[in-house]
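**Q** Sequence and predicted structure are below.
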Amino acid sequence: MNGDEEAVNASLPVRAEPVYEAELVDDAPPVPSFVSGRLFWQRSRFVPVAFKSRQALKQAVRDVLVGLARSPFTFAGAVGRGLVVCARAWRRWVRVHDYREAAEQAEKLADKFVEIRALTLFRWKVSGAVAAAAGVVLLVADLVYGSLALWIAGGVGAVALAIAGRRKDGAPGRKAVLAGPRTLTWTMDPQVLVDAFRDAKLIGKDESLRLVERASRVGAGWAITVDLPATRKAADVIKHRDALASALAVDEVQLIVERVRGRGGHAGRVFLWVADEDPYSGPPRRTPLLDVEWWDAWQPVPFGRDARQRRIDLPLVWTSLLIGAIPRQGKTMAARLAAAGLVLDPHTRLYVFDGKGGKDWKAVDDVAHRFVCGDELHHVEQVRDYLVELVAEVQARYARMSALDDEICPESKITPAISRDAGLNMPITAVIIDEVQVFLENPAKIVVGGKKTTLGEYIVDLLAYLARKGPAAGIVVVLATQRPDSQTIPSRLRSVLGSRFALRVMDWRDSNIVLGEQMNTRGYDASALLPRHKGVGILRPDGDTDAGADSLAMTVWTDYLANSEWQEICARGRTLRESARTLSGHAAGDDTARPIDSAAVVKALGTGEQAVDLPEPLASVVRYLGDEIDEREFVPTAELVEALEVEATAFARQMGELGCRPVRHYVSADDGEVKRVRGYLVDQIRAAVTEISSETGPT
Ligand SMILES: Nc1ncnc2c1ncn2[C@@H]1O[C@H](COP(=O)(O)OP(=O)(O)OP(=O)(O)O)[C@@H](O)[C@H]1O
């Protein structure tokens, strides 16, 4: 994934050693005296931060000038507030508010009524007398000294009111610690950051941070790199990003926390970037694909930008992509961006299936080898037939690749040269399915290889095969769904989809379904994205690709591709295919599926291992555990009760009846503390599943 070079360079950490406690890292050798004088000046606690660098001074002068220009308005506002404050205070006083309230609380208001009334009358009289006296004094002063006296009195009164109405600490809320360029607080002392980390409980009271890189402007925000104390992990800062955002008094969308990896990085080094404002507001950006004649599908496809405006490209070959979101968040847009790169490569073959049946994908009609648009039974059957065709194609490709000599095909994997060789007929082939749940949930009963199943289940098996075995043979699977739940996208399909992109979803469970188990506890929860952030999602690139090597996940705002632009790209894709003579299938007017050896396909899928109908709540537990059923040793009861939303006692009884008895087990909590909690041994859950399966057999 290629970032914007300039931004990347600006964010690279500087040398790390030696590092001094709570000071800027500076590993320069002994310096001449005039330089060390400057260093002393910069480090001295007695010199205001604004005088420590030219940049700071310039900013401070700019802030003072802005403050002066605004002062008449600030003063008028303060006088207005002062008037309100004084009027309220006088009203409370004249009505004997405090006494009245105390009497009310003691339920003695009736007893004290006469007394309160007398006091109120007295205070009204005092008020009247003071007002009259003030009036007389002003009149006399006017007569003796002229209107100047009135001006002076008015001025003093206004200043007094402005003081009463000034904004007091805390009234406008906490101020951002690393704030935008117009405030003076940006010239912060490193101690402010240390305090924020302490407040967020990311470091202890006696621990400190080491600043590897001084705070500097990067894009529209402030960047800083810090080293945590040796006992702390950068991953925990990412996990508790919202606590740090609160301590820094900024919205969490404005705070980007990344680990610094590779050379110059380590598990305790954190890069922070605080945006001046919501980085996902403003007009969307058009995709650079509109400016290119064609695209090489082997290159990562331009997908969007991160908060720091760095380009994020998405590798598609040798991986697959799952996109999940609630409706209207930009799923189709994301899928179309991925597709656009492939459309613009004339040596790519496209299978496009749209379960929504609208206009979104209509334009691809002109380039797709197979195209199905709709959610009727015959559409679903067509999708099944084309997927069966592809599974057979994958098998045939493996057979053909093993027959190729080592020079052309060194490791039973497709190469750019193989994919573009018309004679070998193994182009990169993308299966793009929007609203995939329409096909995966189809309940029509069918028999495959002598076993009863549903059309939806069969399509799951076909897609799981393609996502598992297809990438090395040049198959790219892109699935988009508005129902990212474990029933719709079963774990056997999910677990083989390499890259994930989650736009806003309903809750953390759905987010984990798209991004992977436990991703919310690692600080990546797509349910926390804002509804107004259309096209913004969390991208978890395939760990096997370059893009996934450095970061686990990142927030990306996808590029924008209007319908007319999408049509333009598809039209260009057709022209490119016509000149390369690669137009085929549907786009060339041929929709007939190739004859397939369905027995070989069934064998490849291994449909003999069909799932059995497990009784509840075991079925839900197995669904919840997903692939973790093979990885985890123990699952706490509390976790299951919360995730499955069941009643604890009934759940324990039903699990007991199915042969799963709770035990006490040691687990380490998020804060590292080891606790003994009740729960189930996953071994026992697996044993119960095996036993029930052997009793009932596949359905
Ligand atoms: N990157 C983006 N920047 C700005 N707006 C976007 C972006 N992506 C999508 N949108 C807007 O979000 C809205 C929904 O987009 P889209 O149709 O792709 O969503 P969807 O999730 O596929 O919706 P549905 O579930 O109805 O199919 C559209 O109005 C689109 O203009």
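**A** Thanks, I have the structure now.

**Q** What's the mean pLDDT across stretch 513-522?
**A** Mean pLDDT, computed over stretch 513-522, is 86.

**Q** what do you get for stretch 367-379?
**A** 94.

**Q** Quick check: end-to-end length of it?
**A** Using Cα to Cα, to the nearest Å, the span of stretch 367-379 from its first residue to its last is 19 Å.

**Q** got a list of what Leu466 touches?
**A** Leu466 makes contact with Leu387, Leu390, Val391, Val394, Val431, Ile475, Val477 under the criterion Cβ atoms under 8 Å, 6 or more residues apart in numbering. (C-beta placed from N, C-alpha, C; glycine too.)

**Q** Over to it. Which of the three states is it?
**A** At Leu466 the chain is in helix, as set by DSSP: H, G, I helix; E, B strand; the rest coil.

**Q** Now for the contacts of Leu466, which sits with the most neighbours around it?
**A** The residue in the contacts of Leu466 with the most neighbours, by other Cβ atoms under 10 Å, is Val477 (29 neighbours).

**Q** Pull the contacting residues for the residue nearest to Ala580 when sequence neighbours are not counted.
**A** Counting by Cβ to Cβ, 6 or more residues apart in numbering, Ala580 lies nearest to Pro346, which is 3.9 Å off, once chain neighbours are set aside. Counting by Cβ under 8 Å, 6+ apart, Pro346 makes contact with Trp294, Gly573, Leu576, Arg577, Ser579, Ala580, Thr582.

**Q** Make a markdown table out of these and add distance to Trp93.
**A** Below are those laid out as a markdown table (distance: Cβ to Cβ, whole Å):
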| residue | distance to Trp93 |
| --- | --- |
| Trp294 | 80 |
| Gly573 | 79 |
| Leu576 | 83 |
| Arg577 | 85 |
| Ser579 | 88 |
| Ala580 | 88 |
| Thr582 | 88 |
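
**Q** Go through those residues and say which is closest to Val621.
**A** Nearest to Val621 among these is Gly573, at 46.6 Å by Cβ to Cβ.

**Q** That closest one against Asp365, yeah?
**A** No. With contact defined as Cβ atoms under 8 Å, Gly573 does not count as touching Asp365 (11.1 Å).

**Q** if you count what's nearby, which of those two comes out ahead?
**A** Gly573 (28 against 14).

**Q** tell me which element the more buried one is part of?
**A** Here Gly573 is covered by helix 563-580, with elements defined by DSSP states H and E.

**Q** Alpha carbons of that helix, as PDB, please.
**A** Taking C-alpha atoms only, helix 563-580 is exported to PDB below (Å, rounded to 0.1, in the frame of the first residue of the first chain):
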ATOM      1  CA  ASN A 563     -22.500   6.600 -11.300                       C
ATOM      2  CA  SER A 564     -21.600   8.500 -14.500                       C
ATOM      3  CA  GLU A 565     -17.900   8.000 -13.800                       C
ATOM      4  CA  TRP A 566     -18.400   4.300 -13.200                       C
ATOM      5  CA  GLN A 567     -20.200   4.100 -16.500                       C
ATOM      6  CA  GLU A 568     -17.200   5.900 -18.100                       C
ATOM      7  CA  ILE A 569     -14.800   3.400 -16.600                       C
ATOM      8  CA  CYS A 570     -16.900   0.500 -17.800                       C
ATOM      9  CA  ALA A 571     -17.100   2.000 -21.300                       C
ATOM     10  CA  ARG A 572     -13.300   2.400 -21.300                       C
ATOM     11  CA  GLY A 573     -12.900  -1.200 -20.100                       C
ATOM     12  CA  ARG A 574     -15.000  -2.400 -23.000                       C
ATOM     13  CA  THR A 575     -12.900  -0.400 -25.500                       C
ATOM     14  CA  LEU A 576      -9.700  -1.800 -24.000                       C
ATOM     15  CA  ARG A 577     -11.000  -5.400 -24.200                       C
ATOM     16  CA  GLU A 578     -12.200  -4.900 -27.800                       C
ATOM     17  CA  SER A 579      -8.700  -3.800 -28.800                       C
ATOM     18  CA  ALA A 580      -7.000  -6.600 -26.800                       C
END
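
**Q** Show me the contact partners of that helix.
**A** Counting by Cβ under 8 Å, 6+ apart, 286-287, 289-290, 293-294, 336, 340, 343-347, 359-360, 363-367, 561, 583, 587 sit against helix 563-580.

**Q** Mark which of the contacts of Pro346 are buried, thanks.
**A** With burial judged by 16 or more other Cβ atoms under 10 Å, the buried subset of the contacts of Pro346 is Trp294, Gly573, Leu576, Arg577, Thr582.

**Q** ok, the second one to Leu272 distance?
**A** The one in question is Gly573. 42 Å (Cβ to Cβ, to the nearest Å).

**Q** Is Ser620 in contact with Leu644, as I believe?
**A** Yes. With contacts counted by Cβ under 8 Å, Ser620 reaches Leu644, the gap being 5.0 Å.

**Q** So if I had to pick from these two, which one is more boxed in?
**A** Ser620 (18 against 15).

**Q** where's that one, which helix or strand?
**A** helix 618-625.

**Q** biggest helix in the chain by residues?
**A** Among the segments of the chain that qualify as a helix by DSSP state H, the longest is helix 54-94.

**Q** quick check: mean pLDDT across that helix?
**A** On average, the pLDDT along helix 54-94 is 85.

**Q** sorry, back to before: I'd like the buried ones among the contacts of Pro346 written out as CSV, with pLDDT and distance to the ligand added.
**A** Shown next, in CSV, are these (pLDDT from 0 to 100; distance: Cβ to the nearest ligand atom, whole Å):
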residue, pLDDT, distance to the ligand
Trp294, 94, 23
Gly573, 96, 20
Leu576, 96, 25
Arg577, 95, 25
Thr582, 93, 28
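
**Q** Just put those residues in JSON lines and tack on distance to Asn520.
**A** Output for the buried ones among the contacts of Pro346, formatted as JSON lines (distance: Cβ to Cβ, whole Å):
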{"residue": "Trp294", "distance to Asn520": "40"}
{"residue": "Gly573", "distance to Asn520": "38"}
{"residue": "Leu576", "distance to Asn520": "42"}
{"residue": "Arg577", "distance to Asn520": "43"}
{"residue": "Thr582", "distance to Asn520": "43"}
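
**Q** Could you single out the nearest of the residues you listed to Arg100?
**A** Gly573 (79.3 Å).

**Q** out of everything not next to it in sequence, what's closest to that closest one?
**A** Val343 (3.8 Å).

**Q** picking that back up, can you list the buried residues in the helix holding Gly573?
**A** Neighbour count says helix 563-580 has Glu565, Trp566, Ile569, Cys570, Arg572, Gly573, Arg574, Leu576, Arg577 buried, by 16+ other Cβ under 10 Å.
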